[in-house]
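1. I'd like to go over a predicted model; first the sequence, then the structure.
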Amino acid sequence: MPPTTLLERPAPAPSPRPPEERIDRGSSIPFAIAHLVPLLAVFTGVTARSLVLLGVLYSVRMFFITAGYHRYFSHRSYRMGRAMQLVMAVGGTTAADTDRDPHSPIKGLWWSHVGWILSYKHKGTDLEVVRDLARYPELRFIDKHNWIGPWSVAVLAFLIGGWSGLVVGFFGSTVLLWHITFLVNSAAHLIGRRRYDTNDTSQNSWVVALLTNGEGWHNNHHRFPAAARQGFFWWEFDLTYYGLRLLALLGLVRDLRPPPQAVMAEGRIGNRRDGALGST
């Protein structure tokens, strides 16, 4: 006799992932090893210098990811000269990270947090998509040789802090940086408030915003990605934007794009906790 109630019905079998979304084991091995290296601290010890290195390397590289890779290279939310553009590109590579955003955990929490970065789907750079940036030979060089940045920082950490500086300062901050950055793709689509009626599940999370220098105002960002600030209102802490304002005062960046007044006015209507689509 066929099942008659919802509880009795078997759960649908999960659909297989397309080939390009399957895990690339070749790139996954170094990623896994990097997570194990900080455990060597039981042998190297944890020095005060290595902890300072961990804090500095985390903070500085987080800024390069949020201000450079995300708000500039992905969304062109402000402008800067060629030399500063190169600094942002090199600084971003030191995190051994990427700014690609799969937008929601609709394919599962594991996929949105880390699975996408280990898949075949995001291998290589499509220069046709970024033709305006691909015309700079120095950016193409950095993209092709993106190992230079992280290896240089690793060597520097060792020279400053010895084995503890390398294990704790560099690898510890790198793993921390990866997973806190990934929270924007996972947690910021599951936990928080929805101010805007966007066609996704993005949320504004003050916790993620504090950890990522402002990237946690993710629903704001999805409503108007071209804004240089993601904390649209004064009470929304956005350390990356404050850093960009300082760089603008120093003449290193310019033309920071604000969210339009119409978007700001729309955002004052409501601020719901739920993540249901169509809610404001």
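-> Thanks, I have it.
2. please enumerate the helices of this structure.
-> Listed in chain order, the helices found in the chain under DSSP state H are 25-36, 41-44, 48-63, 82-93, 109-110, 116-118, 131-134, 137-144, 148-164, 173-182, 206-211, 218-223, 239-249, 261-267.
3. what's the most buried one of these?
-> helix 218-223 (a mean of 26; mean count of other CB atoms under 10 Å). Every residue, glycine included, has its C-beta placed from N, CA and C.
4. hey, C-alpha coordinates of it in CSV?
-> What follows is helix 218-223, C-alpha atoms only, in CSV (Å, rounded to 0.1, in the frame of the first residue of the first chain):
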residue,chain,number,x,y,z
HIS,A,218,24.9,41.4,2.7
ASN,A,219,21.2,42.2,1.9
ASN,A,220,22.2,45.9,1.5
HIS,A,221,24.9,44.8,-0.9
HIS,A,222,22.6,42.6,-3.0
ARG,A,223,20.2,45.5,-3.3
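5. where does this protein dip in pLDDT?
-> 1-27, 97-130, 269-280 (pLDDT under 70).
6. circling back: let's have the helices of the chain in JSON lines, adding distance to Asn199.
-> Below are the helices of the chain laid out as JSON lines (distance: least, CB to CB, whole Å):
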{"stretch": "helix 25-36", "distance to Asn199": "31"}
{"stretch": "helix 41-44", "distance to Asn199": "44"}
{"stretch": "helix 48-63", "distance to Asn199": "28"}
{"stretch": "helix 82-93", "distance to Asn199": "28"}
{"stretch": "helix 109-110", "distance to Asn199": "20"}
{"stretch": "helix 116-118", "distance to Asn199": "20"}
{"stretch": "helix 131-134", "distance to Asn199": "27"}
{"stretch": "helix 137-144", "distance to Asn199": "31"}
{"stretch": "helix 148-164", "distance to Asn199": "35"}
{"stretch": "helix 173-182", "distance to Asn199": "22"}
{"stretch": "helix 206-211", "distance to Asn199": "21"}
{"stretch": "helix 218-223", "distance to Asn199": "9"}
{"stretch": "helix 239-249", "distance to Asn199": "25"}
{"stretch": "helix 261-267", "distance to Asn199": "15"}
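7. in stretch 185-201, what's buried?
-> 185-189, 191-198, 201 (16 or more other CB atoms under 10 Å).
8. just how off-centre is that stretch within its chain?
-> 15 Å (CA atoms, centre = their mean, to the nearest Å).
9. first-to-last residue distance for that stretch?
-> With CA to CA, to the nearest Å as the measure, stretch 185-201 spans 10 Å from end to end.
10. and if you look at stretch 180-190?
-> Using CA to CA, the span of stretch 180-190 from its first residue to its last is 15 Å.
11. of the buried residues of stretch 185-201, which is the nearest to Val52?
-> The closest of those to Val52 turns out to be Ala187 (CB to CB; 27.7 Å).
12. correct me, but the closest one touches Ser205?
-> Yes. In this structure, Ala187 is within contact of Ser205 by CB atoms under 8 Å, at 6.4 Å.
13. give me every residue that touches Ile33.
-> Residues near Ile33 by CB atoms under 8 Å, 6 or more residues apart in numbering: none.
14. ignore what I typed, I meant Arg245.
-> Counting by CB under 8 Å, 6+ apart, Arg245 has contacts Leu256.
15. check the gap between it and Pro258 for me.
-> As judged by CB to CB, to the nearest Å, Arg245 and Pro258 stand 11 Å apart.
16. ok, Ile65 next?
-> Taking CB to CB, one finds Ile65 at 22 Å from Pro258.
17. so between these two, which is more surrounded?
-> Ile65 (26 against 15; other CB atoms under 10 Å).
18. Ser28 versus that one, what's the distance?
-> 21 Å.
19. likewise Thr94?
-> Counting by CB to CB, the gap from Thr94 to Ser28 is 21 Å.
20. just Trp235 next, same as before
-> When Trp235 is compared with Ser28 (using CB to CB), they lie 41 Å apart.
21. likewise for Thr212?
-> 24 Å.
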